[in-house]
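In: Give me a 3D structure for the following:
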Amino acid sequence: MALTIPEKNNPKWRKILTGEIEHKYENYVFQTKIHQLRKDVKTEKVSIDDAVNDLYELCVKYATSIQTDLSQIFDKNNQ
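Out: Here you go, the predicted structure:
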C-alpha cells in the first residue's frame, strides 16, 4: 500500500484544525499536535494557513505512523 498524504489545499486540513472534523486519533503525536495548533489558531498565535503547513509537515515526516488516521479522515464521505 502506497503512503499518501492528501494535498495541502484539501479543505479537510482546515476542518481538522477548526474542530469541524472530530476524529478519535490513533497516533498520539498527531492528536497532540492538532490540539496545540487548534489552541494556537484560537488565540491567534498562528494563522490557520501556518497551522495547516505545520500539520502537513508533521504528516510528511511521520507518514507511516499517521497513515491510518489520514485514511480514516480523508477517505470518509464526511464533509
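In: For residue 69, give me its contacts.
Out: Shown in contact with residue 69 (C-beta atoms under 8 Å, 6 or more residues apart in numbering): 23, 25, 26, 27, 30. Where you see a C-beta, it was placed from the backbone N, CA and C, and this is true even at glycine.
In: And those, which of them are buried?
Out: 25, 27, 30 (16 or more other C-beta atoms under 10 Å).
In: As a markdown table, those with distance to residue 46, pLDDT and secondary structure would be great.
Out: Formatted as a markdown table, these follow (distance: C-beta to C-beta, whole Å; pLDDT from 0 to 100; DSSP: H, G, I helix; E, B strand; the rest coil):
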| residue | distance to residue 46 | pLDDT | secondary structure |
| --- | --- | --- | --- |
| 25 | 20 | 95 | coil |
| 27 | 21 | 95 | coil |
| 30 | 17 | 96 | helix |
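In: For the closest residue to residue 60 other than its chain neighbours, give me its contacts.
Out: In this structure, residue 60 finds its nearest non-sequential neighbour in residue 5, 6.1 Å apart by C-beta to C-beta, 6 or more residues apart in numbering. Listed by C-beta under 8 Å, 6+ apart, the contact partners of residue 5 are 56, 59, 60, 63, 70.
In: where does the chain dip in pLDDT?
Out: Scanning the chain for pLDDT under 70 picks out the ranges 1-3, 76-79.
In: now with 90?
Out: Where the chain drops to pLDDT under 90, the residues are 1-4, 22, 75-79.
In: Could you pull out the helices in it for me?
Out: For the chain, the helices defined by DSSP state H cover 11-18, 28-42, 48-61, 63-74.
In: quick check: angle from the last one to helix 11-18?
Out: Put simply, helix 63-74 runs at 90 degrees to helix 11-18, going by axes from the mean of the first three to the mean of the last three C-alpha atoms, to 10 degrees.
In: That'll do, ta.
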